[in-house]
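*Asks:* Show me the folded form of this:
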Amino acid sequence: MNQIIYNSFPRSGNVYSGSVSIYFFETIYATVHIPEIFCVKELDNVTIFRKPEDAIASLIYKQSQSSIKMEKEILISLSIPLCEMYKKYINYAKNNKDLIYIGKFEYLINDTVKHFENISKKFEKKLILNYKDNFKNAQFSGKLWDDRYDGHIPRPKNEIRLDIEEKINSFLFIQDLNKEYEDFIDIFETSQYLV
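*Replies:* Presented below is the predicted three-dimensional model:
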């Protein structure tokens with residue numbers, strides 16, 4: 001099947017992946033947040049894992065669009081169900097590791113070309129001609145890329161976002177999830193198994 005599904009926990013590179021995939025593959029793509037479909041053999045699922053403290057802080061910031069600092073208790077109540085959802089992605093990825101591509105957010109952002117070359121190897125997808133130059137010359141500007149709440153490339157963080165990050169990073173249950181993520185990604189990241 002000539003399609004790729006970018007299927008990750010929110011704020012983990014789905015939109016970025018889908019938007020730039022046009023520079024690498026002639027294929028249909030979709031971006032979803034449905035780990036339950038990792039088991040569908042007919043779909044090429046790419047899932048990216050971002051450090052939980054960063055993904056969760058980014059998602060809360062996006063959803064709240066708050067202009068004032070949020071109380072710690074509110075952030076705890078918002079973070080707990082998101083932690084459970086993140087664990088769901090880890091568990092579904094572990095159970096379907098042979099069917100899906102498991103990537104690391106930093107790798108996607110810092111070496112996008114190599115990341116897509118590895119996706120090509122995993123799913124035996126042909127890369128388009130001049131993909132490196134096409135990506136190098138791509139323009140990443142406008143609302144999709146640099147919107148204050150919903151931008152899809154790294155951008156400066158304001159005081160509210162930094163406050164959310166600081167508080168979320170201090171929660172013990174987030175630190176525990178960070179450790180679970182590190183243990184998981186060290187073992188299951190797909191690129192380390194590609195020759």
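*Asks:* Tell me the helix or strand right after the worst-scoring helix or strand of the chain on mean pLDDT.
*Replies:* Lowest on mean pLDDT, DSSP states H and E among the helices and strands of the chain sits helix 143-146, with a mean of 52. Next helix or strand after helix 143-146 toward the C-terminus (DSSP states H and E): helix 159-170.
*Asks:* Which strands and helices lie in contact with that next one?
*Replies:* Packing partners of helix 159-170 (3 or more C-beta pairs under 8 Å, 6 or more residues apart in numbering; DSSP states H and E): helix 52-64, helix 72-95. In short, each C-beta sits where N, CA and C put it, glycine included.
*Asks:* How about that helix, which residues are buried there?
*Replies:* Neighbour counts using 16 or more other C-beta atoms under 10 Å place I160, R161, D163, I164, E165, K167, I168, N169 of helix 159-170 among the buried residues.
*Asks:* got any ranges where the chain has weak pLDDT?
*Replies:* Along the chain, segments meeting pLDDT under 70 span 1, 66, 140-155, 195.
*Asks:* how about 50 then?
*Replies:* Within the chain, the ranges that satisfy pLDDT under 50 run 145, 149.
*Asks:* ok now do E26, which residues does it touch?
*Replies:* Contacts for E26 were tallied using C-beta atoms under 8 Å, 6 or more residues apart in numbering; they are N2, K126, I128.
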